[in-house]
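Engineer: Quick one, structure for this:
(one chain, ligands or ions: 1)
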Amino acid sequence: MAVPKKRTPKSKTGMRRSHHGRTSMSLSTCPSCKSPVQSHTACATCGTYRGRSVISVTKKAEKVEEKRKDKARKSQA
Ligand SMILES: [Zn+2]
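Structural biologist: The predicted model follows:
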């Protein structure tokens, strides 16, 4: 196995990691409900993407509620 001859100095490590910083997510506003949305993603609040309804928000809410009830039932048993 190859073994490094010298240990990497802290400064070199820092130089390498200078590009590792994370940037904040860029958010735009939904044209139909004005809530913040990630670009190229359907709006989670109203379920629209580029003016069309792509997610049934009410159906999704029902599903989430069902899941929560299932979890509560499992924890009781
Ligand atoms: Zn929206």
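Engineer: For residue 48, list the residues it contacts.
Structural biologist: Contacts for residue 48 (C-beta atoms under 8 Å, 6 or more residues apart in numbering) come out as 30, 32, 33, 42, 54, 55. Just so you know, the C-beta spots here come from the backbone N, C-alpha and C atoms, and that holds for glycine as well.
Engineer: What's the local residue count around the last one?
Structural biologist: It refers to residue 55. Neighbours of residue 55 under the rule other C-beta atoms under 10 Å: 14.
Engineer: pLDDT wise, what is it at?
Structural biologist: Residue 55 carries a pLDDT value of 85.
Engineer: Please pick the buried ones from the contacts of residue 48.
Structural biologist: Buried positions within the contacts of residue 48, assessed by neighbour count (16 or more other C-beta atoms under 10 Å), are 30, 42.
Engineer: quick one: which two of the contacts of residue 48 are the most distant?
Structural biologist: Within these, two members stand farthest from each other by C-beta to C-beta: 33 and 54, at 13.7 Å.
Engineer: quick one, helices of this protein?
Structural biologist: Here the chain has its helices, by DSSP state H, at 10-17, 57-76.
Engineer: Could you tell me the least trusted of the ones you listed?
Structural biologist: Ranked on mean pLDDT, the bottom entry among these is helix 57-76, at a mean of 88.
Engineer: So for residue 27, what's the nearest residue that isn't a sequence neighbour?
Structural biologist: Leaving aside its sequence neighbours, residue 27 sits nearest to residue 36 (C-beta to C-beta, 6 or more residues apart in numbering; 4.3 Å).
Engineer: Do I have it right that the one you found meets residue 29?
Structural biologist: Yes. Counting by C-beta atoms under 8 Å, residue 29 is a contact partner of residue 36 at 6.1 Å.
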